[in-house]
Structure formats: structure tokens, C-alpha cells
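A.B. asks: pasting the sequence and the predicted coordinates here, then a few questions.
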Amino acid sequence: MARALIESQAVLPSGVWPTLVPAVAAGHRFANTFGGETRMFLLVTNAHTSPVTVTIPSTFVRDGLTLANRIVTVPNGTSRLIGPILGEFHNQLSGADTGQTYVDYSVVTAITVAVLRI
């Protein structure tokens, strides 16, 4: 099953009321190629009865060393803003999803997410 695409939402000086989408078992992907001063963040809201583990796989390798995946636990009944998520560390390097960052979830029931661009 293909990953679902999440469109990022710009955080403006006047603010943003983010639109949250349900987490999906196949995981999500989002474009992370804006460059410059733009930073991407993942907002995760957990309304489940247990914690959710969010994994953002790393694709960064330097001198034979691989950067560890970013793993964040979001306790039940809370939200977490994760980031910044830098494309140079997390973007896919080849294939149809080049320039996109992947996100995986340990559970998807009652989990909602948004990608914010600051």
C-alpha cells in the first residue's frame, strides 16, 4: 500500500489553525524541498488510550555512519510538535518519492497529524 501524501500548511504571522488528518497504517509522506529558511514540523495529536510512537526514518549517511531515525513517543491524550524535520537528513534520495520525508506510526486509531511549514 502506498503512503498517503500530506500537504504542508504555512504558518503565517497571523497564525494558523492546522487541519489535522487521520494517521494511516501505510504511513505518510510530505514534500520537504522548500530549502532556505523554511522548516518543517509534524504536529501529532493522540486521542488513543495508549501512547503512539512516531518514526521519521533517516536517510543521511556520512563517512559510513548512518544518522539514527527520529523516534518520538506521544503519550495518550496529548499532542507533540516534532521538528524541525530537515530534508537533508530525512528525505528519500531516489525513486518516485525523491525529496519527500516519510512518517510511520505504531498505532493509527485516534491519531491525527498535520505538517506545518515555518
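C.D. replies: Perfect, I can see it now. From a predicted model like this one, the values you see are computed outputs, not experimental measurements. Numbers count the residues shown, from 1 in each chain.
A.B. asks: report all helices and strands that the helix or strand harbouring Leu42 contacts.
C.D. replies: Using DSSP states H and E, Leu42 sits in strand 40-46. Contact here means 3 or more CB pairs under 8 Å, 6 or more residues apart in numbering; DSSP states H and E; on that basis strand 40-46 packs against strand 52-56, strand 70-74, strand 78-82, strand 111-117. No exception for glycine: its C-beta is placed from N, CA and C like everyone else's.
A.B. asks: again, 10 Å this time
C.D. replies: strand 28-31, strand 52-56, strand 70-74, strand 78-82, strand 100-105, strand 111-117 (3 or more CB pairs under 10 Å, 6 or more residues apart in numbering; DSSP states H and E).
A.B. asks: which of those sits closest to Ser14?
C.D. replies: strand 111-117 (14.3 Å; CB to CB).
A.B. asks: the inter-axis angle of the closest one versus strand 70-74?
C.D. replies: Here strand 111-117 points in a direction 130 degrees away from that of strand 70-74 (axes from the mean of the first three to the mean of the last three CA atoms, to 10 degrees).
A.B. asks: give the contact list for the residue lying farthest from the centre of the chain.
C.D. replies: In the chain, the residue that sits farthest from the middle, by CA atoms, centre = their mean, is Asp63; the gap is 26.1 Å. Listed by CB atoms under 10 Å, 6 or more residues apart in numbering, Asp63 has no contact partners.
A.B. asks: which parts of stretch 16-35 are buried?
C.D. replies: 18, 20, 23-24, 27-32 (16 or more other CB atoms under 10 Å).
A.B. asks: now render these as TSV, adding distance to Asn76.
C.D. replies: Conversion of the buried residues of stretch 16-35 to TSV gives the following (distance: CB to CB, whole Å):
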residue	distance to Asn76
Pro18	20
Leu20	16
Ala23	14
Val24	19
Gly27	20
His28	20
Arg29	25
Phe30	24
Ala31	30
Asn32	28
